[in-house]
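Peer 1: A structural model of the following input is requested.
(one chain, ligands or ions: 1)
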Amino acid sequence: MNSSTQDNSNAAANPPNIKAAANAVDAYKPAIKLERRADEPSSDIKSFRANEPQLYEEKTTVPSPPSRLIFIGDIHGCVEYFNKLLETVEFKQGSDQVVLVGDLVAKGPDSLGVVNKARSIGAWGTRGNHDDRVVRWGDFLQGPGKGLSESDLESLQSSGDLPYDDFEIGGDHYDIASTMPACDFSYLARFPTMIVLPPPYNEWVVAHGGIVPTTPIAQQNPDDVMTMRNIGPDGPSSKKDAGEAWFDVWAEKIGPLGGNSTSVESSSSDTTSKDDEQTNRKRQISSPSLDTIQFKKVIYGHDAGRDLQIHEFTKGLDSRCVYGGKLTAFILPGEQLVSVDCGKDYTSGDSDQRRRRDMMLRRAQTLRSNARRRRKERRESSRRSAGQKHK
Ligand SMILES: [Mn+2]
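Peer 2: Reported below is the predicted structural model:
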C-alpha cells in the first residue's frame, strides 16, 4: 500500500489523518488487460499480481433517518439464510443499510446468489479472505490467464507457475470466479478491506479479520486485516494458537483510553483473576495509535472457531452459518443482535459433493453461453466485413 503511506505528510494537517490517505488510495480499477501471446513464458503469469483492494473507505452518509445499519457476519454462500435474516430483521430497502463483514463466498451452496443479492440491496461490505481469493482469481482470468484452457491452467498448477500459492484449479474460488457475472464481480472487487462509518457512528470501523491497535488505520496491512485472529510475539496472525485474541489486545489498549467517554463502563469480561499478568502485558505493548483511539469499536467476522464474540469494543459476528450454526445481524443504533438458525453443515461430505456438482453444471452453462456469444460475434463481424466489400 505504497500509495497510502506516501500521503501521510499532507494528512497530518488534516486530522483525522485518514482523509488524505483515503483519497490517495485509488478506487478499484478494472483488471489489467494483458494480451497473452502463445509463446509468452509462464514466469510472466507467475509474477502476475491482482489489483490491491482499497485499504479503507470512509463512508460519509447513511440513509436518512429513521434508518438502521445492519451488520451481517460471514454468509459463505448461504443465500437462503441471508434472505431469512433480512426478513427477520424486517429490512427495508431505501432506509436500512446492510453492511457485510466479508466472506460472502465459498464453502456454501450459492456464492453467486449471495453476491447478486448483496448488490441488489446496495449492501456495503469489507473484503474477506475468501472474497479476496475469488477477486484475485477473477483478475488473473481477465488478465494473463485470459483464454487459457482448464488443462493449460492445470499444467501451470502442476509446474508451480500459478501466480498465487493458494490458487487451486477446480477449487471453490476458481469455480466462483470463472462463473460470476461481470457486474457482480466488479461489485465484490470494490469492497475495501475496512469501512469507516459516517456520523453518528464514526467511532466504529468494520473489517473482516481484525485491526492492529498500535497501527494507524491508513497503515494497516490489508492481508492482516483480512485474516488475523490473534496477535502473537511476531505480530498479527491467522493462526488459532498464536499469542492472544486480537480483540483482547484491543480491549487492553483501547479500553482504558476509551474510559474517558461517558458511555464507557469498565469491561464486564472476566479479567480480575489475571490482573498481574495483564498489567505486565500492558507494559510490554506499545501505545495504541491515535487514530485507532478515535475508532474505538470494531465490527468483524472471520473467526467461526470462536463463534459469536460480543465485547464492549469489538463485535465478532461469525456465528458459524455455513457449519450449521447461526447467521447473525448486529444493528445500530441500539446494538441489537438478531440471529437465524442455519441448521445445515454445508462443509460436511454429502452437501459438499452436491455443491461441487451444481458448480460444475453452472460452469458448463457459462462456457456454453460464452462460446455461443463468441460464435455470434464472429458471424456478425464476418457479415460486417462482407458488407464493406460490397460497398
Ligand atoms: Mn474469513
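
Peer 1: Now residue 337. Its backbone dihedrals?
Peer 2: Dihedral angles of residue 337 (phi, psi; degrees, to the nearest 10) stand at phi -110, psi 130.

Peer 1: and the closest residue to residue 166 other than its chain neighbours, which of the three is it?
Peer 2: Spatial nearest neighbour of residue 166, excluding adjacent residues (C-beta to C-beta, 6 or more residues apart in numbering): residue 133 at 5.9 Å. Just so you know, the C-beta spots here come from the backbone N, C-alpha and C atoms, and that holds for glycine as well. Here residue 133 is recorded as helix under DSSP: H, G, I helix; E, B strand; the rest coil.

Peer 1: List the contacts of residue 133.
Peer 2: By C-beta atoms under 8 Å, 6 or more residues apart in numbering, the contact set of residue 133 is 106, 164, 166-167, 173.

Peer 1: So it versus residue 202, what's the distance?
Peer 2: Distance, residue 133 to residue 202, by C-beta to C-beta, to the nearest Å: 31 Å.

Peer 1: how many neighbours does the residue in the chain that the ion sits nearest to have?
Peer 2: Residue nearest to the ion within the chain: residue 302 (3.8 Å; C-beta to the ion). Residue 302: 27 surrounding residues under other C-beta atoms under 10 Å.

Peer 1: In this model residue 127 seems to touch it, though I could be wrong.
Peer 2: No - the pair residue 302 and residue 127 does not pass the contact test of C-beta atoms under 8 Å, sitting 11.2 Å apart.

Peer 1: Now list whatever residues contact both of those two.
Peer 2: Common neighbours of residue 302 and residue 127, using C-beta under 8 Å, 6+ apart, are 102, 208, 226.

Peer 1: quick one, phi/psi of the last one?
Peer 2: Just to be clear, that refers to residue 226. Per degrees, to the nearest 10, the backbone of residue 226 is at phi -80, psi -20.

Peer 1: Look up how far residue 228 lies from the residue nearest to residue 166.
Peer 2: Using C-beta to C-beta, residue 133 is found at 16 Å from residue 228.

Peer 1: mind checking pLDDT for the residue nearest to residue 308 when sequence neighbours are not counted?
Peer 2: Spatial nearest neighbour of residue 308, excluding adjacent residues (C-beta to C-beta, 6+ apart): residue 319 at 4.5 Å. pLDDT, residue 319: 97.

Peer 1: in terms of contact, does residue 319 touch residue 325 like I think?
Peer 2: Yes - Residue 319 lies in contact with residue 325 (C-beta under 8 Å); the separation is 5.2 Å.

Peer 1: okay, and the common contacts of the two?
Peer 2: Residues touching both residue 319 and residue 325 (C-beta under 8 Å, 6+ apart) are 304, 307.

Peer 1: returning to what we had before: make a markdown table from the shared contacts of residue 302 and residue 127 and add distance to the ion, neighbour count and pLDDT to it.
Peer 2: What follows is these, written out as a markdown table (distance: C-beta to the ion, whole Å; neighbours: other C-beta atoms under 10 Å; pLDDT from 0 to 100):
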| residue | distance to the ion | neighbour count | pLDDT |
| --- | --- | --- | --- |
| 102 | 6 | 28 | 98 |
| 208 | 6 | 30 | 98 |
| 226 | 7 | 26 | 97 |
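
Peer 1: ok, residue 322 - contacts?
Peer 2: So residue 322 contacts 74-78, 107-108, 304, 342, 345-347 (C-beta under 8 Å, 6+ apart).

Peer 1: Out of those, which end up buried?
Peer 2: Among the contacts of residue 322, those buried by neighbour count (16 or more other C-beta atoms under 10 Å) are 74-78, 107-108, 304, 342, 346.

Peer 1: Just put those in CSV and tack on pLDDT and distance to residue 120.
Peer 2: Formatted as CSV, the buried ones among the contacts of residue 322 follow (pLDDT from 0 to 100; distance: C-beta to C-beta, whole Å):
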residue, pLDDT, distance to residue 120
74, 98, 20
75, 98, 14
76, 98, 19
77, 97, 16
78, 97, 17
107, 94, 22
108, 95, 18
304, 94, 26
342, 96, 21
346, 92, 22
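
Peer 1: And those residues, which two are furthest apart?
Peer 2: Across those, no pair lies farther apart than 77 and 304, at 13.8 Å, counting by C-beta to C-beta.

Peer 1: remind me which residues of the chain are low pLDDT?
Peer 2: Filtered on pLDDT under 70, the chain yields the residue ranges 1-43, 65-66, 257-287, 290, 350-352, 354, 387-391.

Peer 1: which bits of it sit near the ion?
Peer 2: Applying C-beta under 5 Å from the ion, one finds that the chain approaches the ion through 103, 128-129, 302.

Peer 1: Generate JSON lines for the contacts of residue 133, with secondary structure and neighbour count as supplementary columns.
Peer 2: Listed next are those as JSON lines, based on DSSP: H, G, I helix; E, B strand; the rest coil; neighbours: other C-beta atoms under 10 Å:
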{"residue": "106", "secondary structure": "coil", "neighbour count": "21"}
{"residue": "164", "secondary structure": "coil", "neighbour count": "15"}
{"residue": "166", "secondary structure": "coil", "neighbour count": "12"}
{"residue": "167", "secondary structure": "coil", "neighbour count": "19"}
{"residue": "173", "secondary structure": "helix", "neighbour count": "23"}
